[in-house]
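# Got a predicted structure plus its sequence, pasted below:
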Amino acid sequence: MKYRNRFLVSLMVLIPILIFMWVVPYTAKSFLTNFDLKNGVTLYILIICVLSSIIQFFMGAPFYTGAYKSVRHGSANMDVLVVLGTTAAWLYGVILIFMRFGIEEEHETPMKGHMRIHEHAHNFEISASLITVILLGKYLESFSKK
């Protein structure tokens, strides 16, 4: 039951992330993709970051506690791998966004708007998707043990 609820909430948060990643930038230009905060960091990239953070730290909380307990006892289990991989992807996306905020551009580049920063949002999509798929696996595992 615990993993089912986590998986369903995670899936409901992941669906908008996938829509923002694969539909919004390539369809009609909207306020989200045209609202450039600074240096190509658009509003929809920040929305993806917030949504993936919800999945990363709230839905993935059992992985963090399991990894902490495992490392505290001097071993590494699957939770450690999940935490290292997904946190590295999420953190890389955050670092790239902050690096874009720090760049002062002197001339206009041919790549505009979401195309300059869009590749950085894939890190958020990857971490959120991995946690959602792993939660599905945990749910199926707990369901099969009944």
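In hand now; what should we look at? All values reported here derive from a predicted model rather than from experimental measurement. Residues are numbered from 1 along each chain as shown.

# report the longest helix in this protein, please.
helix 114-144 (DSSP state H).

# Mean confidence (pLDDT) on it, please.
Averaging pLDDT along helix 114-144 gives 83.

# so what does that helix touch, helix or strand wise?
For helix 114-144, the packing partners by 3 or more CB pairs under 8 Å, 6 or more residues apart in numbering; DSSP states H and E come out as helix 2-22, strand 41-42, helix 43-54, helix 78-102. Where C-beta positions appear, they are placed from N, C-alpha and C, glycine not excepted.

# what's the least confident stretch among these?
strand 41-42 - the lowest mean pLDDT of these, at a mean of 71.

# Am I right that Trp90 is in contact with His122?
No. Counting by CB atoms under 8 Å, Trp90 does not reach His122; the two are 11.3 Å apart.

# And these two? Which one has more around it.
Higher neighbour count among Trp90 and His122: Trp90, with 24 against 15, using other CB atoms under 10 Å.

# what about the closest residue to that one other than its chain neighbours, how many neighbours?
In space, Trp90 comes closest to Ser127 once its chain neighbours are excluded; the distance is 4.2 Å by CB to CB, 6 or more residues apart in numbering. Neighbour count of Ser127, defined by other CB under 10 Å: 26.

# With Ile15 instead?
With other CB under 10 Å as criterion, Ile15 counts 12.

# Distance of it relative to Ser70?
To Ser70, Ile15 is 31 Å away according to CB to CB, to the nearest Å.

# got the CA positions of stretch 61-79 in CSV?
Taking C-alpha atoms only, stretch 61-79 is exported to CSV below (Å, rounded to 0.1, in the frame of the first residue of the first chain):
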residue,chain,number,x,y,z
ALA,A,61,12.5,9.7,0.7
PRO,A,62,12.5,5.9,1.5
PHE,A,63,15.5,5.5,-0.7
TYR,A,64,17.4,8.2,1.1
THR,A,65,16.6,6.7,4.6
GLY,A,66,17.5,3.2,3.3
ALA,A,67,20.7,4.5,1.9
TYR,A,68,21.6,6.3,5.0
LYS,A,69,21.0,3.2,7.2
SER,A,70,23.0,1.0,4.8
VAL,A,71,26.0,3.3,4.7
ARG,A,72,25.9,3.8,8.4
HIS,A,73,26.2,0.1,8.9
GLY,A,74,29.2,0.0,6.5
SER,A,75,27.5,-1.6,3.4
ALA,A,76,25.9,-0.4,0.2
ASN,A,77,22.6,-1.7,-1.1
MET,A,78,20.3,-0.8,-4.0
ASP,A,79,19.0,2.3,-2.2
